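Enquirer: sequence plus the predicted model coming up.
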Amino acid sequence: MLTLEPKAPLLTSVLTCPVCGHAQAEQMPTDACQYFYECTSCHTVLKPLAGDCCVYCSYGSVPCPPIQEQGSGSCCG
């Protein structure tokens, strides 16, 4: 019988600033939500959009690790 191991979450996400369009690859924390991120180009401070738990879920190419593992919902309670 074949058993599938759970897939490890991706830990790098490319955050794209909605103001200037700058894209930056960042390492996601696995033990906390990141509520704020300062764009390295225009210095706009990004915050999660309504309904998202963190900046990676709002502006990233990959959602945060807890959401990747759960599939949906909120990872931060």
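Expert: Received it, and whenever you're ready, just let me know what you need.
Enquirer: what residues of the helix or strand bottoming out on mean pLDDT in the chain count as buried?
Expert: Ranked by mean pLDDT, DSSP states H and E, the weakest helix or strand in the chain is helix 65-70, scoring a mean of 84. Counting neighbours by 16 or more other C-beta atoms under 10 Å, one finds that the buried residues in helix 65-70 are P65, P66, I67, Q68. (Each C-beta comes from the backbone N, C-alpha and C, glycine too.)
Enquirer: do stretch 7-27 as well
Expert: Buried residues in stretch 7-27, counted by 16+ other C-beta under 10 Å: S13, L15, C17, E26.
Enquirer: touching, the first one and M28? I think so.
Expert: Yes: with contact defined as C-beta atoms under 8 Å, S13 counts as touching M28 (5.6 Å).
Enquirer: need the overlap of contacts for the two.
Expert: Shared contacts of S13 and M28, defined by C-beta atoms under 8 Å, 6 or more residues apart in numbering, are found at Y56, G60, V62, C64.
Enquirer: the residues you listed in helices, which ones?
Expert: In helices, defined here by DSSP state H, the members of these are Y56.
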